[in-house]
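S.K.: let's see this in three dimensions:
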Amino acid sequence: MGHHISFRSAILPFSVAAALSLTACGAQDAQNAQNSAESSATTSAAEAGAESGADQAGEGAVTLEGAWVKATDEDMTAIFGTLENSSDAAVTLESAEVDVDADAEMHEVVQEAGSSVMKPVDGGLEIPADGELNLEPGGYHIMLVNLGEPITPGQDLKLTLHFSDGSESATTVPARAFEGAQEEYHAGDDEEGMDHGDMNHGSEGNDH
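M.R.: Alright, predicted model coming up:
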């Protein structure tokens, strides 16, 4: 007696197996896609956070507004303006640099024996939280010493300021003519021997 095998019944197990295989592949593909999307989102968030941190470190809360420098053909001059601090913590201006041949220092003008005397400031200039510090003739200022070239009216200097919070601020400082009364330079104990001589510097009418 011969055996009769139904073709339909023979292919049924293969059809079921194929369907199960396709279902498993589909689920795996969906899982892979989800994992890839989550990984991309995590990477993007990390990159965004890094960029944000870099911006915060590079661009601080303190800016120099209304900056200008006194034009001169002497070997020193000064930069003025207003340091504005938009943060809720005090920040100290620790150092500065310019794109001309000169050294930048922080100075102040004080009264000694009836005369206006200019002195270096130790420890930098502190800008109060949510406040400002004026850099002006006759007061605090950024002094440029050992100038290797004249600074002419209309010339632009590039000034970079470095602060105690690790940030920095860059600004363009235009030069302008300014005349004034003469005042003396007082060298600190650690600057004895510096040949600064008499300075034209100080309050309104000073030539710095």
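S.K.: tell me how far Glu74 lies from Thr172.
M.R.: 22 Å (CB to CB, to the nearest Å). For every residue, glycine as well, the C-beta is placed using N, CA and C.
S.K.: who's more crowded, the two?
M.R.: Between Glu74 and Thr172, Glu74 has the larger neighbour count (other CB atoms under 10 Å), namely 14 against 10.
S.K.: burial of the closest residue to the more buried one other than its chain neighbours, as a residue count?
M.R.: Setting aside the residues directly before and after it, Glu74 is nearest to Leu147 in space (CB to CB, 6 or more residues apart in numbering), at 7.1 Å. Residue neighbour count, defined by other CB under 10 Å, stands at 18 for Leu147.
S.K.: list the contacts for Leu147?
M.R.: 72, 74-77, 100-102 (CB atoms under 8 Å, 6 or more residues apart in numbering).
S.K.: what about it, helix or strand, and which?
M.R.: For Leu147, there is no host helix or strand (DSSP states H and E).
S.K.: pull up the gap between it and Met76, please.
M.R.: Computed as CB to CB, the Leu147 to Met76 distance reads 6 Å.
S.K.: and for Lys158?
M.R.: From Lys158 across to Met76, the span is 18 Å (CB to CB).
S.K.: tell me which of those two has more neighbours.
M.R.: Higher neighbour count among Lys158 and Met76: Met76, with 23 against 12, using other CB under 10 Å.
S.K.: my read: the more buried one touches His141, true?
M.R.: No: contact between Met76 and His141 fails when scored by CB atoms under 8 Å: they sit 11.2 Å apart.
S.K.: which neighbouring elements make contact with the helix or strand where Ala78 lies?
M.R.: Under the criterion of DSSP H and E, Ala78 resides in strand 76-85. Secondary-structure packing of strand 76-85 (3 or more CB pairs under 8 Å, 6 or more residues apart in numbering; DSSP states H and E): strand 62-70, strand 91-98, strand 125-127, strand 132-135, strand 141-145.
S.K.: circling back to that earlier point, ok, and the most crowded of the contacts of Leu147?
M.R.: Highest count within the contacts of Leu147 by other CB under 10 Å belongs to Thr77, 27 neighbours.
S.K.: find the residue closest to that one in space, skipping its chain neighbours.
M.R.: Thr77 sits nearest to Lys70 (CB to CB, 6+ apart), 4.7 Å away.
S.K.: pLDDT wise, what is the one you found at?
M.R.: Lys70 is assigned 94 on the pLDDT scale.
S.K.: show me where this structure has helices.
M.R.: Secondary structure of the chain (DSSP state H): helices at 7-58.
S.K.: pLDDT below threshold where in it?
M.R.: Across the chain, the ranges flagged by pLDDT under 70 are 1-59, 180-208.
S.K.: OK, contacts around Val98?
M.R.: Counting by CB under 8 Å, 6+ apart, Val98 makes contact with 79, 104, 144, 157-160, 173.
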